[in-house]
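Visitor: build me a structure from this.
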Amino acid sequence: MDTTAATGFALKGNMGTFGLLFTVLAFTAPLGVVFGFISVNISFGIAVPIAFVGVLVLMTLFALGFTSMTRRIPRPGAFYTYIGEGLGRPMGLGGSFLALSTYGFNIIAAIVFSGIAVRNLIVSFAGASAVPWWVWALIMLSTVWALSYFNVELSAKVLSTVLVVEVTAIVIFDLVILANGGPEGHSLEPWNPANLLTPSVGILLLFSVGVFNGFEATAIYRDEVRDPGRTIPRATYLTIIFLGVFYAVSSYALILSSGASHAVADAKADPPGMMPHALLTYFGAFANQVIAVLLVTSMLASTLSLQNILSRYTHSLSVDGILPRRLAAVHPRHGSPHAAAIAVGAVLLVIQIALIFSGVSESDLYGAASGVAFYGMLLLLLLTSIAVIAYFRRNSAGASPWKTLIAPAIAALGIGFALWTATMNMDLLIVAPPAAVAVLVAIGYAALVFGVVVALVLRRRGSPTYERIGRRAQ
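Guide: Numbering: from 1, shown residues only. Model (predicted):
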């Protein structure tokens, strides 16, 4: 029996596979990735397309175990629930606070980038802007805050529309470059696995893994989709396949735009300028203005998706009584976690205002927040892979060893390698003084430990809240 429905805390929705697919894809902001991040990948080696194919395989292996948990455990909560089932309630609660921290830093980065994107859009048309970036950032936050109050299907419609437009724009770019061949014509070098065997392969794979964030959010919408046992796995696999193919082809097109023999040098010399230069060369100045508009809408979609995810994690923790129970309220008409959405938006507003008055530049804020979010996500994926193995070792009846042991173990090794690489190269993820980098990285581990300690205290006191951790019986 689904106990959440019985207690009136279940969210409501009727999303199908593609509605859920578009909702989670919007989180990844594919236009922002292609426009701003793939050139960074290329700066570490020409084998970016084949690296994305490898990461596609790695994330598919992760998804085999992840979706097995989805089918076996019919409760929302995603990382919170699955880590708790596999590694115990204390680690589950620790994972939930780590998830809140990770997605929180992610949305802070998205809000800051939104403000920058709007300012740059105005500059591209008017030549200057007297309005600071943070005004636009606050407007973006207010917009997604309001939208998150309503039924998830309203968000899905907004996200689907925006996503289709931005993906179409990138597909046009890819097709034109692929048809043209660039200054040197087509080359197989970017697809040659041998080119991964370089000293920087760990960094190249690290950044390739980083832009896959989002596919795991499918499970958090369990109460709001039709036939979750089928819809969630389908949307998860479709998201992974789309991102892998999309980024592999787009990175290849960007390499061709410079020429295979010059792409790495061009990316190292000016990562932010690689895509704008390609647009100017093959499409003209107006294309940069079009992309500037689409970057704004892309960040709207990404920020809204993140706001929805944070609201649902907050809702799950409130249902269990970890956070105030009044935040678990479900809107009687919209079926949305409206109380949690209001609380999340308010906290984000306070944080955003504090960051504005901190005096830290917008570029440093964005870089630090996105780096911490990236690191936290790797840690969450690793814990979930281990949790899948642990859960199915205790509940192996009817389970496929391939899906519940071998694939998750390979995924854990690959993700663990990426996490180790990130730990050894934090200066590439977060541009800040060493002491500040150490503090920022420690936040994720502190959130994890804090959740574990809270759970242990609840257990020692014999609190019934402890028994509910992980969206168990109410």
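
Visitor: where in this protein is pLDDT low?
Guide: In the predicted model of the chain, residues 1-8, 473-474 satisfy pLDDT under 70.

Visitor: give me that answer again for 80
Guide: Along the chain, the model assigns pLDDT under 80 to residues 1-9, 127-129, 152, 198-200, 213-214, 428-429, 431-432, 473-474.

Visitor: so V330 touches V319, yeah?
Guide: No: assessed by C-beta atoms under 8 Å, V330 is found out of contact with V319, at 9.6 Å. Glycine gets a C-beta too; all of them are placed from N, C-alpha and C.

Visitor: neighbour count for the two, which is higher?
Guide: Neighbour count, other C-beta atoms under 10 Å: between V330 and V319, V319 has more, with 28 against 21.

Visitor: any idea how far the more buried one lies from L448?
Guide: Remark: distance between V319 and L448 (C-beta to C-beta, to the nearest Å) = 21 Å.

Visitor: equivalent analysis for P183, please.
Guide: Counting by C-beta to C-beta, the gap from P183 to L448 is 49 Å.

Visitor: what about these two, which has more around it?
Guide: Applying other C-beta under 10 Å to P183 and L448 shows that L448 carries more neighbours, namely 24 against 13.

Visitor: what residues of the helix or strand harbouring that one count as buried?
Guide: Assigned by DSSP states H and E, L448 belongs to helix 434-461. For helix 434-461, burial by neighbour count (16 or more other C-beta atoms under 10 Å) applies to 437, 440-441, 443-444, 447-448, 451-452, 454-455, 458-459.

Visitor: elements contacting it?
Guide: Applying 3 or more C-beta pairs under 8 Å, 6 or more residues apart in numbering; DSSP states H and E, we find helix 434-461 packed against helix 89-126, helix 362-394, helix 426-429, helix 464-468.

Visitor: hey, which of these is tucked in deepest?
Guide: When the helices and strands packed on helix 434-461 are scored by mean count of other C-beta atoms under 10 Å, the highest mean neighbour count falls to helix 89-126 (a mean of 24).

Visitor: what angle separates that helix from helix 434-461?
Guide: Going by axes from the mean of the first three to the mean of the last three C-alpha atoms, to 10 degrees, helix 89-126 is angled at 140 degrees with respect to helix 434-461.

Visitor: what packs against helix 89-126?
Guide: For helix 89-126, the packing partners by 3+ C-beta pairs under 8 Å, 6+ apart are helix 79-87, helix 133-147, helix 285-319, helix 338-358, helix 362-394, helix 434-461.

Visitor: what's the closest of those helices to T102?
Guide: Among the helices and strands packed on helix 89-126, helix 362-394 comes nearest to T102, with 3.3 Å by C-beta to C-beta.

Visitor: list the helices and strands the closest one packs on?
Guide: By 3+ C-beta pairs under 8 Å, 6+ apart, helix 362-394 packs against helix 48-72, helix 79-87, helix 89-126, helix 201-210, helix 407-424, helix 426-429, helix 434-461.

Visitor: repeat the analysis, applying 7 Å as the threshold.
Guide: helix 48-72, helix 79-87, helix 89-126, helix 407-424, helix 426-429, helix 434-461 (3 or more C-beta pairs under 7 Å, 6 or more residues apart in numbering; DSSP states H and E).

Visitor: returning to that earlier point: what is in contact with V330 and V319 at once?
Guide: F9 (C-beta atoms under 7 Å, 6 or more residues apart in numbering).

Visitor: so L11, which of the three states?
Guide: Following DSSP: H, G, I helix; E, B strand; the rest coil, L11 is assigned to coil.
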